[in-house]
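Participant: From the sequence below, what's the structure:
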Amino acid sequence: MISNNSFAIGVQGVQDGMAGMEMSARKIARAGTDGPQGSAESSNDLIEPIVDMKLYARNVEASAQVVKTADETLGTLLDVMA
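Facilitator: Below is the predicted model of the structure:
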């Protein structure tokens, strides 16, 4: 059924986004331990994981919207069929 597939895709997107955010958070936490603190290199090490974290957050938001829309569609279908 299409709604089940939509739910699965949405949930998978949320899970993938959360896993990516966790990976980015770990990179951010480790960034200060690799080189001298306050150096330009350690600042540059933070840029990519921060941007990635924002992208993963948007992925989670979009995937949650897919789940919400699938839920609303299923609810409408049930109302029509009842």
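Participant: For the rest of this, base every contact and every neighbour count on C-alpha atoms.
Facilitator: Noted.
Participant: if I look at the residue nearest the centre of the chain, how far off is residue 32?
Facilitator: Nearest residue to the geometric centre of the chain (Cα atoms, centre = their mean): residue 17, 2.4 Å. Distance, residue 17 to residue 32, by Cα to Cα, to the nearest Å: 24 Å.
Participant: what packs against the one helix or strand residue 44 maps to?
Facilitator: Assigning secondary structure by DSSP states H and E places residue 44 in helix 40-81. For helix 40-81, the packing partners by 3 or more Cα pairs under 8 Å, 6 or more residues apart in numbering; DSSP states H and E come out as helix 2-34.
Participant: Could you list the buried residues of the helix it packs on?
Facilitator: 6-7, 9-11, 13-14, 16-18, 20-21, 24-25, 27-28, 31-32 (16 or more other Cα atoms under 10 Å).
Participant: same check, this time on stretch 71-80
Facilitator: Buried, per 16+ other Cα under 10 Å, within stretch 71-80: residue 71.
Participant: Please save the CA atoms from it in PDB.
Facilitator: Extracted in PDB, the C-alpha atoms of stretch 71-80 (Å, rounded to 0.1, in the frame of the first residue of the first chain):
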ATOM      1  CA  ASP A  71      -0.800  10.100   8.300                       C
ATOM      2  CA  GLU A  72      -3.200  12.800   7.200                       C
ATOM      3  CA  THR A  73      -3.800  11.100   3.800                       C
ATOM      4  CA  LEU A  74      -4.500   7.800   5.600                       C
ATOM      5  CA  GLY A  75      -6.900   9.500   7.900                       C
ATOM      6  CA  THR A  76      -8.800  11.100   5.000                       C
ATOM      7  CA  LEU A  77      -9.000   7.700   3.200                       C
ATOM      8  CA  LEU A  78     -10.400   6.100   6.300                       C
ATOM      9  CA  ASP A  79     -13.000   8.900   6.700                       C
ATOM     10  CA  VAL A  80     -14.000   8.500   3.000                       C
END
